[in-house]
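Asks: sharing a sequence plus its predicted fold:
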Amino acid sequence: MNHTFSQKIPRKLAILSFGLSALFVVLARLYTVSCADIVFMYTVVPELLEILVNLLECAIYGIAYGLCIYAAYRDPARLFRRCALIYGGSVLFKYLGNYFMTWITDTHMSASYLLENLLYIFLYTLIELAQAAIILLVILRAMKSYHTFIAKQQRIAQALPDAKITLRTYAFPFSKLISLKNPLQKCAFWAGTTVTIFRIVSRLIYDISFGLPTSLVDALWIVVYYLLDFFVGFAVCLLITFLLISMDQKDPDLSNIS
């Protein structure tokens, strides 16, 4: 393994996941403030900030899961474990940062707010950590199986003249945009699918608690939001795919990896 390249993956993940999570906290706070400010609440500002928050959340998912997939591809034990812990820490940072920023700026460190909303924040954090745990488990299992497969193929290749099998042999280049046959693209697909499922379930819970739509327009908007949830999962899958291709192109030759 090229240790110089591989050691950069956790550092990149830490910088990007924590940095983008910090930006998410700032934009989420600006969105909340704009919705409550009479100067901005009836303008396009809240809608624009909401779009930015959602786009940023998609970017965090795509970048984090993409780096975790590549880390597991290079080293499914030590390197992947480090990335999984880093991403889990960034999830905690995102929700707790948003929680404490609201506590400081909006409630002036109210003790009642701190206690009343702690369970609410805990549940949202737990949901995203559960999403991450499912996706990371899929990644780990897929990449361990791929490494086992490569080891078997390498043993067979030793008896054949001019046959050489590396990690890259059955992984790159991608032949399709989305493929369940390629182990890395399979991980990207299930990451996007899991993100969509969690978003839809969360929206269902919210819609059920809020009540049925009162008009055709409301019903159409609900349909639009569910369609957007599917698009978010697709976008995450595409972003992961792009990152995997990009990292493979920047990665030194893997022909000597055993």
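Replies: Great, that's in hand.
Asks: contacts and neighbour counts: CA atoms only from here.
Replies: Noted.
Asks: and the biggest helix by length in the chain, what does it pack onto?
Replies: In the chain, with assignment by DSSP state H, the single longest helix is helix 118-157. Packed against helix 118-157 by the contact rule (3 or more C-alpha pairs under 8 Å, 6 or more residues apart in numbering; DSSP states H and E) you find helix 45-74, helix 78-105, helix 183-210.
Asks: low-confidence stretches in the stretch 151-258 of the chain?
Replies: Judged by pLDDT under 70, the stretch 151-258 of the chain has its weakly predicted residues at 212, 253-258.
Asks: so where does residue 34 fall, helix or strand?
Replies: Element membership for residue 34 (DSSP states H and E) is helix 3-36.
Asks: ignore the last one, residue 43
Replies: Going by DSSP H and E, residue 43 is not in any helix or strand.
Asks: show me what contacts the residue nearest to residue 97 when sequence neighbours are not counted?
Replies: Distances taken as C-alpha to C-alpha, 6 or more residues apart in numbering place residue 25 nearest to residue 97, at 6.6 Å, with adjacent residues excluded. By C-alpha atoms under 8 Å, 6 or more residues apart in numbering, the residues touching residue 25 are 94-95, 97-98.
Asks: before we move on, the earlier item: run the angle between the longest helix of the chain and helix 183-210 for me.
Replies: 160 degrees (axes from the mean of the first three to the mean of the last three C-alpha atoms, to 10 degrees).
Asks: let me see the contact set for the residue lying closest to residue 239 once chain neighbours are set aside.
Replies: Ranked by C-alpha to C-alpha, 6+ apart and with sequence neighbours excluded, the top spatial neighbour of residue 239 is residue 62, at 5.5 Å. For residue 62, the contacting residues are 236-237, 239-240, by C-alpha under 8 Å, 6+ apart.
Asks: got a winner among those residues for most neighbours?
Replies: With neighbours defined as other C-alpha atoms under 10 Å, the most crowded of the contacts of residue 62 is residue 240; it has 30 neighbours.
Asks: gap between the nearest residue to it once chain neighbours are set aside and residue 36?
Replies: For residue 240, ignoring the flanking residues on the chain, the nearest one in space by C-alpha to C-alpha, 6+ apart is residue 66 at 4.6 Å. Computed with C-alpha to C-alpha, to the nearest Å, the distance linking residue 66 and residue 36 is 36 Å.
Asks: what about the two, which has more around it?
Replies: In terms of neighbours (other C-alpha under 10 Å), residue 66 is the more surrounded of residue 66 and residue 36; the figures are 26 against 13.
Asks: what pLDDT does the residue nearest to residue 97 get?
Replies: Looking at residue 25, its pLDDT stands at 91.
Asks: distance-wise, check it relative to residue 167.
Replies: 38 Å.
Asks: just the CA coordinates of stretch 181-199, formatted as PDB?
Replies: Provided in PDB are the C-alpha atoms of stretch 181-199 (Å, rounded to 0.1, in the frame of the first residue of the first chain):
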ATOM      1  CA  LYS A 181     -21.600  -5.700 -10.100                       C
ATOM      2  CA  ASN A 182     -18.700  -3.400  -9.200                       C
ATOM      3  CA  PRO A 183     -18.000  -3.600  -5.400                       C
ATOM      4  CA  LEU A 184     -17.300   0.100  -5.000                       C
ATOM      5  CA  GLN A 185     -20.300   1.200  -7.100                       C
ATOM      6  CA  LYS A 186     -22.400  -1.200  -5.200                       C
ATOM      7  CA  CYS A 187     -21.400   0.600  -2.000                       C
ATOM      8  CA  ALA A 188     -22.200   3.900  -3.600                       C
ATOM      9  CA  PHE A 189     -25.600   2.700  -4.700                       C
ATOM     10  CA  TRP A 190     -26.600   1.400  -1.300                       C
ATOM     11  CA  ALA A 191     -25.300   4.600   0.400                       C
ATOM     12  CA  GLY A 192     -27.600   6.700  -1.700                       C
ATOM     13  CA  THR A 193     -30.500   4.300  -1.300                       C
ATOM     14  CA  THR A 194     -30.100   4.300   2.500                       C
ATOM     15  CA  VAL A 195     -30.000   8.100   2.600                       C
ATOM     16  CA  THR A 196     -33.200   8.200   0.600                       C
ATOM     17  CA  ILE A 197     -35.000   5.700   2.800                       C
ATOM     18  CA  PHE A 198     -34.000   7.600   6.000                       C
ATOM     19  CA  ARG A 199     -35.200  10.900   4.500                       C
END
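Asks: fine by me, thanks again.
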